[in-house]
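1. generate coordinates for the sequence data below:
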Amino acid sequence: MWVFMVGWSWFWLVLLSKYALAPDLRTLVDRSAAQNLQEAEKSRRTLCAAVSMASQTALVMRLLASAYAVAEKAGTIVRRVLQSGDLGIVEKTGANDLQTLADRLVQKSICASLSKSFPKITIIGEEDLPSEAVEEELIETGTYDVILHKPCPEKYSILKEEELVVWVDPLDGTKEYTEGLLDHVTVLIGIAYRGKAIAGVINQPFYNYQMGADATLGRTLWGILGLGAFGFQLQDVPEGKRIITTTRSHSNKLVIDTVQAMEPHDVIRVGGAGNKIIQLVEGKASAYVFASPGCKKWDTCAPEAILHAVGGKLTDMHGNTYRYDADVKHMNSAGVLATLRNHQYYASRVPQAVLQALPSD
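-> Numbering: from 1, shown residues only. So this is what the prediction gives:
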């Protein structure tokens, strides 16, 4: 009898489990499955949104975002070469025209990286290097997503790769780099459309290097016409001050006469075109004056774009703008005059003898 009762109880327990507890268990399973499906769908939508954003972002913004990431990698390469102690210096045309291992590696890195992502753009670099395979570790395929989230100026929203020319100075201020004047050094990537510098990236590999061993080295500035420039604090020089920044290693009588004609309160002599433009936008100088041939298009394309993006101006000594088409001559034969404000004043002070000695292109 006892056995019968136990068996009967077990029968009812099984029956209740099947018809009473099972629905709850099925509900839990169903809910868990539904949650997993929701999470999977959410992940899928996030991925699709990211892919969609990249595909919908204007070409020039994608190129600029890539150039930013590539410039950051370039800065790392520049620092690594210096730390190695072997700069691999060679003279190109003389003691004031040097090339280092950093110049060579950075140009290979920038050109290979941008060509891989944007195969139809034209890239013109300073260094004349042989065509050869580029090590995979030099190639950067990432992007700076902050730029991808910025709105593209409408006039540049439908540009094509084949319409763009990228001007690259892998190491602006090479002489200063070899002499330990590290704050003068920059990496320059400029983007031109129909001969006009429209966007640019400037990396300072050694920004903060004088702040001690614990300081974070390097920063990157970028800008595009119609949107602005970023990565620095825009400032003007003190009211009423005329501070000229000019070359420290390529001076001559034309340069000296023109600087004096500006009646400056102070003159700063530093290396690198990129460095001098940074001085303008950060309020350390009011005009960049270089009344001589010597500067090239890869020196001025990126700095000009960033300067113009914040309302400044870069011209030759006659006040004429330079063009950055793929087929232009590389030399800025009529010098460089750049300002954040009051460009006409400085242009009007250029001596006539200087203008005659530097015919405009």
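2. was I right about residue 176 contacting residue 184?
-> Yes: using Cβ atoms under 8 Å, residue 176 is in contact with residue 184, at 3.8 Å. No exception for glycine: its C-beta is placed from N, CA and C like everyone else's.
3. who touches both of the two?
-> 270-272 (Cβ atoms under 8 Å, 6 or more residues apart in numbering).
4. what about the residues you listed, which one has the most neighbours?
-> Among the shared contacts of residue 176 and residue 184, the one with the most neighbours (other Cβ atoms under 10 Å) is residue 272, at 29 neighbours.
5. contact partners for that one?
-> 172-173, 176, 184-186.
6. go again using 10 Å as the cut-off
-> Residues near residue 272 by Cβ atoms under 10 Å, 6 or more residues apart in numbering: 169, 171-177, 181, 183-186, 188, 202, 204, 247-248, 278-279, 299, 303.
7. likewise residue 140?
-> 66-67, 69-74, 76, 109-110, 112-114, 116-117.
8. can you name the residues bridging to the spatially most central residue of the chain?
-> When Cα atoms, centre = their mean is applied to the chain, the residue found nearest the centroid is residue 201 (2.3 Å). With DSSP bridges as the criterion, residue 201 is bridged to residue 189, residue 222.
9. pretty sure it contacts residue 222?
-> Yes: Residue 201 is in contact with residue 222 according to Cβ atoms under 10 Å; the separation is 4.7 Å.
10. helices - which of the contacts of residue 272 land there?
-> 174-177, 278-279, 299, 303 (DSSP state H).
11. of these, which is the most crowded?
-> In the ones in helices among the contacts of residue 272, the most neighbours by other Cβ under 10 Å go to residue 303, 33 neighbours.
12. now do the same end-to-end measure for stretch 181-195.
-> 33 Å (Cα to Cα, to the nearest Å).
13. list the buried residues of stretch 269-289.
-> By neighbour count on 16 or more other Cβ atoms under 10 Å, the buried set for stretch 269-289 is 270-289.
14. right, I mislabeled it, should have said stretch 322-333
-> Quick answer for stretch 322-333 (16+ other Cβ under 10 Å): 322, 324, 328, 332-333.
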